[in-house]
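Enquirer: Pasting the sequence and the predicted coordinates here, then a few questions.
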Amino acid sequence: MARSRRKPSSKARRASAKPAVWGAWWAWAALGVIAAAVIVGIVAGGGSVDGSGGEAAGTTHEHEPGAVEAGRQLYEATCAACHGADLNGTDVGPPFLSPIYAPNHHADEAFQRAVLAGVQPHHWDFGPMAPVAGLSRDDVENIVAYVRTQQEAAGIFRDPSHP
């Protein structure tokens, strides 16, 4: 004798659908909690989503004189040809003595990324910057120390057009 197949009741169908709905809901809730934690961390840390820092106007950074001098030498050897011996740029590279390169717009890590991976143009019309071979993270950190001290000497602490 063959068994008849009965259709599940609507109550049974709703019950079987709950795990998928609840699973999706929990996934979205977890994503929301993670996003909130990231935002709170950024705000509390004074950073921003794009990693640009967020230092206040007039903020100065103390840099070890040895690091600044090492950075100056590395800058002259690897950066000055494009960005200018005086950091005011050239026909092929932008000036670092521009508020656009202030810490609240381009954090120190932006320099690290530019050297490591290059940069597509996004503020200037100079074309892309190629990665720079032969520089370590410490080398770039020293170059940034030099650039930041020159910016501070020129009164550049933040980009007023950048939140």
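Expert: Ah, there it is.

Enquirer: what's residue 140 in contact with, if anything?
Expert: 111, 112, 115 (C-beta atoms under 8 Å, 6 or more residues apart in numbering). From N, CA and C alone the C-beta is placed, and that goes for glycine too.

Enquirer: Just say helix, strand or coil for it.
Expert: Following DSSP: H, G, I helix; E, B strand; the rest coil, residue 140 is assigned to helix.

Enquirer: start at 42 instead
Expert: Yes, from this point I'll number from 42; that puts the last item at residue 181.

Enquirer: can you pull the pLDDT of it?
Expert: Per-residue pLDDT puts residue 181 at 97.

Enquirer: so where do the helices sit in the chain?
Expert: 51-86, 106-119, 121-124, 149-158, 178-194 (DSSP state H).

Enquirer: on that earlier part again, out of the contacts of residue 181, the closest to residue 123 would be?
Expert: residue 156 (12.1 Å; C-beta to C-beta).

Enquirer: Can you tell me the number of residues neighbouring the residue lying closest to that closest one once chain neighbours are set aside?
Expert: In space, and not counting its chain neighbours, residue 156 is closest to residue 173: 4.6 Å by C-beta to C-beta, 6 or more residues apart in numbering. Residue 173: 16 surrounding residues under other C-beta atoms under 10 Å.
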